[in-house]
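Novice: let me see the structure of the following:
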Amino acid sequence: MNIEDSRAKTIYRKDGEGYTLYSIGINHKKQDGSWEGGFIPCRFPKGTNIPNKTKIMMITAWLDFYTKEEKTHPFIYIKEYEIVEDKQESKQENIQVPQNAKTEYDNENTGVSLSDDDLPFW
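Specialist: Got it, this is the predicted structure:
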């Protein structure tokens with residue numbers, strides 16, 4: 001089953017001892033108007049090295065699977081892709097803020113903190 005998508009997707013990477021796991025972030029709009037996100041494991045050709053949180057456009061990709069202990073484990077195999085630049089990040093890089101300027105977030109503690117262990121992997 002081939003996969004076609006016209007939107008960039010974020011790839012999440014987790015390194016282990018002697019292996020690397022990748023997941024692709026997906027989302028959809030729920031009936032109530034809110035957004036729901038999820039993650040699907042993905043694989044690339046041998047020798048691929050993609051940094052964590054890289055945005056890509058899938059050129060050639062398909063749904064595949066492997067079985068282990070009579071259970072099916074699906075994943076997306078991405079054979080060809082193109083790394084894309086996040087438009088929002090490139091706009092922010094062009095803005096120069098004086099060192100003594102304060103932002104609306106200077107005194108705000110959001111309480112959100114993520115580590116590599118919080119990334120979405122099965």
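
Novice: I'd say residue 43 and residue 23 touch.
Specialist: No: using C-beta atoms under 8 Å, residue 43 is not in contact with residue 23; the gap is 10.3 Å. C-beta here means a position set from N, CA and C on the backbone, and glycine is covered the same way.

Novice: tell me which of the two has more neighbours.
Specialist: residue 23 (21 against 17; other C-beta atoms under 10 Å).

Novice: for the one helix or strand residue 65 maps to, name the packing helices and strands.
Specialist: According to DSSP states H and E, residue 65 maps onto strand 54-68. Judged by 3 or more C-beta pairs under 8 Å, 6 or more residues apart in numbering; DSSP states H and E, strand 54-68 is in contact with strand 9-15, strand 71-83.

Novice: residues contacting the spatially closest residue to residue 83 that is not a sequence neighbour?
Specialist: Spatial nearest neighbour of residue 83, excluding adjacent residues (C-beta to C-beta, 6 or more residues apart in numbering): residue 56 at 5.6 Å. Contact analysis of residue 56 by C-beta atoms under 8 Å, 6 or more residues apart in numbering lists 8, 9, 11, 50, 78, 81, 82, 83, 84.
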